[in-house]
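[1] I need the structure of the sequence given here:
(one chain, ligands or ions: 1)
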Amino acid sequence: MDEKKKVILKLDNICQSYVVGESVKDAVENVSLEVYDNEFLVILGPGHCGKTVLMNMIAGLEKPIGGKIYLDGEEVHGSDKRIGMVFQSLNLMPWRTVMGNVEFGLEVAGVSKEERRATAQKYIDLVGLKGFEKSYPHELSGGMKQRVGIARAYTNNPQILLMDEPFGQLDAQTRYAMEEEILRIWEQERRTILFVTNNIEEAVYLADRIVLLSNCPARVKQVYDLASLGRPRNTTSPDFLRIRSEISDNTDLAL
Ligand SMILES: Nc1ncnc2c1ncn2[C@@H]1O[C@H](COP(=O)(O)OP(=O)(O)OP(=O)(O)O)[C@@H](O)[C@H]1O
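    Numbers count the residues shown, from 1 in each chain. You can find the predicted model right below:
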């Protein structure tokens with residue numbers, strides 16, 4: 001490990017299994033991982049391999065049947081407000097405006113109206129939604145809804161943001177635009193990002209490091225450090241194409 005990098009999140013032999021009918025289905029098997037402060041870490045794996053199960057455990061939404069999770073060196077049990085989430089299905093509240101959705105977490109936390117408005121506005125501006133504060137979710141495009149989800153997560157001031165296939169339902173053009181956007185936001189407002197995808201090109205475009213998972217049950221197949229690719233990335237450069245094809249050759253086919 002690079003001595004200069006601070007480990008903010010550590011997974012130690014995480015396992016998850018479910019009882020399905022008469023049998024036991026293993027979904028995640030002995031996943032160990034160190035995540036560095038401020039890094040953009042991509043969890044890449046084939047469809048149904050266990051990526052969401054892994055994210056849910058990190059988010060504290062499910063308890064692992066084995067293993068431990070450490071945040072800033074301390075074991076965590078259940079959800080922790082230092083970890084925020086942006087999911088593919090955003091669950092925006094349709095009866096609330098963009099501002100109402102983004103400030104919701106602060107409202108629940110009892111933050112004064114003035115303070116929560118100011119914080120929410122900062123992140124609405126950051127994600128490029130200035131002028132849409134009073135719009136309702138049904139008035140927004142898919143990419144704009146994702147921006148609301150990102151602003152909402154940032155507003156709660158998490159140290160780590162979990163993004164589970166956030167752009168999976170967007171059309172290709174919007175997806176590329178949002179990949180650019182998330183890098184811009186990450187560079188401006190540094191937080192650790194754990195980003196889940198099954199798209200190799202997206203992973204190589206975004207990540208500082210990629211954790212490649214196996215087919216279900218998810219195990220860590222390999223970790224790729226992409227520091228040598230630099231930023232911004234050129235998706236047609238020989239280095240980009242080489243690493244993309246190396247990962248592709250090493251990726252299990254989704255069953
Ligand atoms: N509560 C549960 N009970 C039983 N099986 C489950 C449960 N949750 C997840 N699984 C199974 O665990 C496996 C991994 O699911 P998971 O949703 O994590 O995959 P994924 O990699 O996120 O998939 P996708 O790429 O489609 O998003 C799947 O086979 C799924 O059916």
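
[2] From here on, just use CA atoms for contacts and neighbour counts.
    Will do.

[3] And stretch 125-140, how far out from the chain middle?
    When C-alpha coordinates are averaged (CA atoms, centre = their mean, to the nearest Å), stretch 125-140 and its chain have centres 22 Å apart.

[4] ditto for stretch 14-30
    23 Å.

[5] what comes up buried for it?
    14-17, 26-30 (16 or more other CA atoms under 10 Å).

[6] Residue numbers of the protein in contact with the ligand?
    18, 20, 27, 47-53 (CA under 6 Å from any ligand atom).

[7] please redo it, this time with the cut-off set to 5 Å
    18, 27, 47-53 (CA under 5 Å from any ligand atom).

[8] ok, which pair from those is furthest apart?
    Greatest spatial distance among those (CA to CA): 18 and 47, at 17.9 Å.

[9] before we move on, back to that, any chance of JSON lines for the buried residues of stretch 14-30, columns pLDDT and secondary structure?
    Below are the buried residues of stretch 14-30 laid out as JSON lines (pLDDT from 0 to 100; DSSP: H, G, I helix; E, B strand; the rest coil):
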{"residue": "14", "pLDDT": "97", "secondary structure": "strand"}
{"residue": "15", "pLDDT": "97", "secondary structure": "strand"}
{"residue": "16", "pLDDT": "97", "secondary structure": "strand"}
{"residue": "17", "pLDDT": "96", "secondary structure": "strand"}
{"residue": "26", "pLDDT": "95", "secondary structure": "strand"}
{"residue": "27", "pLDDT": "96", "secondary structure": "strand"}
{"residue": "28", "pLDDT": "97", "secondary structure": "strand"}
{"residue": "29", "pLDDT": "97", "secondary structure": "strand"}
{"residue": "30", "pLDDT": "97", "secondary structure": "strand"}
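
[10] if we take these, which one ends up nearest to residue 179?
    Proximity of the buried residues of stretch 14-30 to residue 179 was ranked by CA to CA; the top entry is residue 28 with 27.3 Å.

[11] so how far is residue 218 from the closest one?
    According to CA to CA, to the nearest Å, residue 28 stands 5 Å off from residue 218.
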